[in-house]
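A.B. asks: Sequence plus predicted model, see below.
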Amino acid sequence: MAAGGFCKLPNGTVVVALNLPSPAGGAAGVRVLVHAQNRARALTRLRNLGLRAVYLRGNAEPPTPDEVTAVLHHPDGLIWRTAPDNGVLVELWHPIRALLRRPPAVPQG
């Protein structure tokens with residue numbers, strides 16, 4: 001389950017914003033933005049990437065205009081950054097593959 005929200009764009013598509021716990025298990029969560037044809041497809045895109053327990057309940061934290069602009073200008077339409085603790089954002093947006101990338105295996109021997 002995740003806090004977040006969505007906004008419908010004039011062309012009928014939506015931008016969904018979700019606050020998720022960090023997949024790496026860190027203390028800070030992540031803010032994920034998805035651009036899709038509708039809310040269901042946005043959540044399906046995340047589930048297909050392995051984020052199975054992602055649901056959008058309500059519209060408590062919709063994407064800001066700056067967030068909408070960021071996701072619309074990204075070729076994949078799927079970006080993330082660390083969620084701010086104190087409301088101050090200093091981190092740039094990253095493509096989703098950077099979040100889901102697994103660390104390289106350490107050879108033993």
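C.D. replies: The structure has been received and is ready for your questions. Numbers count the residues shown, from 1 in each chain.
A.B. asks: Enumerate every residue touching the closest residue to Val30 other than its chain neighbours.
C.D. replies: Nearest non-adjacent residue to Val30, counting by CB to CB, 6 or more residues apart in numbering: Trp80, 5.0 Å away. Where you see a C-beta, it was placed from the backbone N, CA and C, and this is true even at glycine. Counting by CB atoms under 8 Å, 6 or more residues apart in numbering, Trp80 touches Val30, Arg31, Val32, Leu33, Trp93, His94, Ile96, Ala98, Leu99.
A.B. asks: if we go to 7 Å?
C.D. replies: Listed by CB atoms under 7 Å, 6 or more residues apart in numbering, the contact partners of Trp80 are Val30, Arg31, Val32, His94, Ile96, Leu99.
A.B. asks: Give me the spatial nearest neighbour of the last one, chain neighbours excluded.
C.D. replies: Meaning Leu99. Spatial nearest neighbour of Leu99, excluding adjacent residues (CB to CB, 6+ apart): Trp80 at 5.0 Å.
A.B. asks: The protein: strands as residue ranges?
C.D. replies: In the chain, the segments counted as strands under DSSP state E are 3-8, 14-20, 30-36, 78-82, 94-95.
A.B. asks: what angle sits between the fourth one and strand 30-36?
C.D. replies: With axes from the mean of the first three to the mean of the last three CA atoms, to 10 degrees defining the directions, strand 78-82 sits at 170 degrees from strand 30-36.
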